[in-house]
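Asks: Pasting the sequence and the predicted coordinates here, then a few questions.
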Amino acid sequence: MNCVIEGNCVKVFGKAVHALSRIGDELWLDPMVKGLALRSVNSALSAYGCFLFSPVFFQQYSLSGQDRETIRCKVVMKSVLSLFRCLTSIERNVEQCHISIPAPTDRVMIQFFCRHGVTKTHNLSFQESEALEAVFATHFCPNVLKAPARLLGDMVIHFPVFQEEITLSMTPLKVCLRNYQDGGGGHMKMMYTEMSLHPDEFDHFQMGEDSNITFCLKEMRGILSFAESRCLPVSVHFGAAGNPVCFSVEEVVLEATVVLATLTQSESSGPAQPKHSPAPTTPRCAAPPAAVCEGHSHIHHDALLGCERIASSQSSTVISSPELIHLLPRIGDPAGPCEAEECGSATATPASATVCSLLFKALSSKQEEDDDDDGCAAKLPVLACYSDEDCDGDEDNHQLM
């Protein structure tokens, strides 16, 4: 096999290598009569990519008799990617690229003929392998989308680079893309992004059934970047969850296909967005805080009898008792006298009502007098006494001495 790539087409060939490098760690070179095919598949066999360059794409493309039958070589992706890593430099300096597979050797020779007569020759070892091809009939897919690569790229660019999977939803009214969340414990640290497009935004919109599929984003970025550089539309063929999704690009001189596996219905049924639950609200107590403890004074009085008093470093008394933890849910129990009308909020929880009482008790020095007037003899335990009382107590002790 011997082919010659001219001028700007070298950059296009390098773009295809970049797109396939997002899929797998190995690159298959498959010279055929209808053109040179570049293929790759990931280790999990869940992503497959193929770029087929027709003979018209090359300035020269020829096959020997042996090439038509046996040559199917597999090379390491990193070796080929290192040759086409800097596409800007290639576009500026490389005039021709020769790719050949000499029959008696097990090497692929790639030559760059640069400006000023500079020639770079690279020999890559390859391993003979069987043909690699994904069997997927796109004409059986009930849903088909076709849109400019720039439109899909503008949607994907809003997702972070570390985003692994996205969910594509399709209804008669809109097409949505959102990041997928598997329901792990780190969902609170994640930013949820969802974008939707009207069917009129697409060049072709065919819907056979409502779909909600989840697939990897990394492989999709590769073919979108390639199609956007060539200003080509991207076609998307898919069906129900669990069936593959196919992204394809067609041109006169090349064809590109990326097939991705999707999550099954049970795996993708988890919510991609957090369910809207009423946010906990802090109760706005309309009555004085002392009213919260009405009807429960005997509970706190009995509980305080078993408490242990510990002297702190500021000569104040700290009440330590594990029984208080069990008493917190009982304070403000809806079955008791402390109902929502006393606190002014129907969403007040027992713990929040207790915190409200403790905060108001610690901040208001006048509450002691109000509580005594209202007959609330036993009060909620205060975890920190007033600093003014401590100072007054110290001054009285100095006067007595």
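Replies: Received the coordinates, thanks.
Asks: what sits against Tyr61?
Replies: Contacts for Tyr61 (Cβ atoms under 8 Å, 6 or more residues apart in numbering) come out as 2-4, 35-36, 55. Where C-beta positions appear, they are placed from N, C-alpha and C, glycine not excepted.
Asks: Look up which helix or strand it falls in, please.
Replies: For Tyr61, the host element (DSSP states H and E) is strand 60-62.
Asks: Which residues does the helix or strand following that strand contact?
Replies: As assigned by DSSP H and E, the chain's next helix or strand after strand 60-62 is strand 73-76. With contact meaning Cβ under 8 Å, 6+ apart, strand 73-76 is reached by 25-29, 101, 108, 124-129.
Asks: domains of the chain?
Replies: Under the assignment automatic domain parsing, the domains of the chain span 2-128, 138-184+192-268, 289-400.
Asks: So for the longest one, mean pLDDT?
Replies: Spelled out, that is domain 2-128. Here domain 2-128 scores 90 as its mean pLDDT.
Asks: which stretches of the stretch 151-300 of the chain form helices?
Replies: Under the criterion DSSP state H, counting those that start in this stretch, helices of the stretch 151-300 of the chain are mapped to 218-230, 265-268, 297-305.
Asks: what's around the spatially closest residue to Gly7 that is not a sequence neighbour, how many residues?
Replies: The shortest distance from Gly7 to any non-neighbouring residue, by Cβ to Cβ, 6 or more residues apart in numbering, is to Glu95 (6.5 Å). Per other Cβ atoms under 10 Å, the neighbour tally for Glu95 reads 12.
Asks: Need phi/psi at Glu95.
Replies: When read as degrees, to the nearest 10, the backbone of Glu95 gives phi -100, psi -30.
Asks: Can you give me every residue that contacts it?
Replies: 6-7, 113-115.
Asks: run the last query once more with 7 Å
Replies: 7, 113-115 (Cβ atoms under 7 Å, 6 or more residues apart in numbering).
Asks: quick one: which of these is nearest Leu151?
Replies: Gly7 (29.2 Å; Cβ to Cβ).
Asks: Relative to His158, how far out is that closest one?
Replies: According to Cβ to Cβ, to the nearest Å, Gly7 and His158 sit 35 Å apart.
Asks: ok so, going back, which of the contacts of Tyr61 fall within strands?
Replies: 2-4, 35-36 (DSSP state E).
Asks: and of those, the nearest to Leu81?
Replies: Of these, the one sitting nearest to Leu81 (Cβ to Cβ) turns out to be Leu36, at 17.2 Å.
Asks: From what I see, the closest one and Cys3 are in contact.
Replies: Yes - with contact defined as Cβ atoms under 7 Å, Leu36 reaches Cys3; the gap is 6.2 Å.
Asks: what about the stretch 251-400 of the chain, any weak spots by pLDDT?
Replies: Residue ranges of the stretch 251-400 of the chain with pLDDT under 70: 266-400.
Asks: Now do the same contact list for the closest residue to Ser125 other than its chain neighbours.
Replies: Excluding its sequence neighbours, the residue lying closest to Ser125 (Cβ to Cβ, 6+ apart) is Arg107, at 5.6 Å. Residues counted as contacts of Arg107 (Cβ under 7 Å, 6+ apart) are 123-126.
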